[in-house]
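J.: quick check, what structure comes out for this input:
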Amino acid sequence: MNNPEKRLEHHHEKHLKSSDFITDVVIGMSDGLTVPFALAAGLSSAVSSNTIIITAGIAEIVAGCIAMGLGGYLAGKTEQEHYQSELKREYDEVERVPEMEIEEVKEVFAAYGISKEGQDMLAKELALDKTKWVNFMMKFELGLEQPNANRARNSALTIGIAYFIGGLLPLSAYFFTKTPEEGLVISAIFTTICLFVFGYFKSKVTGQAPFKGALKVTMIGLVAAAAAFGIAKLVG
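T.: Next comes the predicted model:
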C-alpha cells in the first residue's frame with residue numbers, strides 16, 4: 001500500500017511568488033516595447049533621418065522611465081498609506097467597540113462554515129491578543145495584506161528599468177540601418193519577436209495559456225504601432 005506520509009513528502013505545491021515584482025516587470029516591459037515602437041513607427045513615415053527617430057526615441061524612453069517609475073512609486077506609497085490608515089482605524093475600533101469587532105470576527109468564521117460554538121470559542125481566543133486580532137480583521141475583513149516597506153522604491157526601480165530595456169529593443173534597429181524605412185522593417189520584425197517571447201513567458205509565469213497570451217500581447221503592440229504609423233502618414 002502507498003504510504004500517506006511518503007506521498008506528503010513528495011508533494012510540492014506550485015504557487016506564484018513575488019507577484020508584485022512580476023506585475024511591475026509586466027507593466028514596464030509591455031509599455032516599453034509598445035510605446036517607443038509606436039513612436040518610431042509613426043516617425044518613420046514622417047521624417048527621412050534615423051537620427052531624428054533615435055533622438056526622439058531616447059527622449060521618450062527617458063521621459064517614460066521617469067513617468068512610469070514615478071507612477072509606480074506613488075502607487076506603492078498610496079498602498080502603504082492606505083494600509084496604515086485602516087490599521088489605525090481597526091485598533092481604534094477594537095478599543096472603542098470590542099463587542100462589535102468580536103461579532104465581525106464571528107461573521108468571518110461563519111462564512112467558513114464554523115459552528116456557533118466554534119465561532120464563540122475562536123473569537124474569544126483571538127480577542128486575547130490585540131495585535132493578532134487586528135491583523136486578523138485587516139486580512140479577513142478588509143482583505144488587506146501588509147505591504148513591503150520598500151514596495152514604493154522597488155516598484156519605481158523595477159518599472160523604470162523594465163521600461164528602459166523594453167524601449168531600447170525596438171529603437172536599436174535604427175542604430176544599424178541607414179533609412180527610417182529600413183529601420184522600421186528591422187524594428188517591426190525584432191519587436192514582434194520580442195513581444196511574442198515576452199507575452200509567452202508573462203502568460204506562463206502568471207498561469208495563463210502561453211501561446212494565447214503571447215498572441216494577445218503581440219497583437220496589441222502591433223496595432224498600436226500600425227495606428228501611430230497610419231496617423232503620421234495621414235497627417236503628412
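J.: helices or strands up against the helix or strand hosting A63?
T.: Element membership of A63, judged by DSSP states H and E, is helix 50-96. With contacts defined as 3 or more CB pairs under 8 Å, 6 or more residues apart in numbering; DSSP states H and E, helix 50-96 has these neighbours: helix 19-44, helix 98-111, helix 130-136, helix 151-171, helix 180-205. From N, CA and C alone the C-beta is placed, and that goes for glycine too.
J.: which other helices and strands contact the second one?
T.: Right, helix 98-111. By 3+ CB pairs under 8 Å, 6+ apart, helix 98-111 packs against helix 50-96, helix 116-126, helix 130-136.
J.: same question for the first one.
T.: Packed against helix 19-44, as judged by 3+ CB pairs under 8 Å, 6+ apart, are the following elements: helix 50-96, helix 151-171, helix 180-205, helix 210-235.
J.: run the angle between it and helix 210-235 for me.
T.: 30 degrees (axes from the mean of the first three to the mean of the last three CA atoms, to 10 degrees).
J.: just want the angle from the helix holding A63 to helix 19-44.
T.: 150 degrees.
J.: what about the protein, any weak spots by pLDDT?
T.: 1-18, 206, 228, 232-233, 235-236 (pLDDT under 70).
J.: residues contacting K212?
T.: When contacts are counted by CB atoms under 8 Å, 6 or more residues apart in numbering, K212 touches S203.
J.: what's the answer for P210, then?
T.: 200-201, 203-204.
J.: how far away is V185 from F196?
T.: 17 Å (CB to CB, to the nearest Å).
J.: the more surrounded of the two?
T.: A side-by-side neighbour count of V185 and F196, using other CB atoms under 10 Å, places F196 first with 18 against 14.
J.: pretty sure the more buried one contacts M219?
T.: No - contact criterion CB atoms under 8 Å: F196 and M219 do not qualify, at 9.9 Å.
J.: so what sits against both of those two?
T.: Residues touching both F196 and M219 (CB under 8 Å, 6+ apart): there are none.
J.: re earlier: wait, which of the helices and strands packed on helix 98-111 is closest to R151?
T.: Nearest to R151 among these is helix 50-96; the distance by CB to CB comes to 4.2 Å.
J.: and the closest one with helix 151-171, angle?
T.: Going by the same axes, to 10 degrees, helix 50-96 makes 160 degrees with helix 151-171.
J.: for helix 50-96, what is the distance to the chain centroid?
T.: On the basis of CA atoms, centre = their mean, to the nearest Å, helix 50-96 sits 12 Å off its chain's mean C-alpha point.
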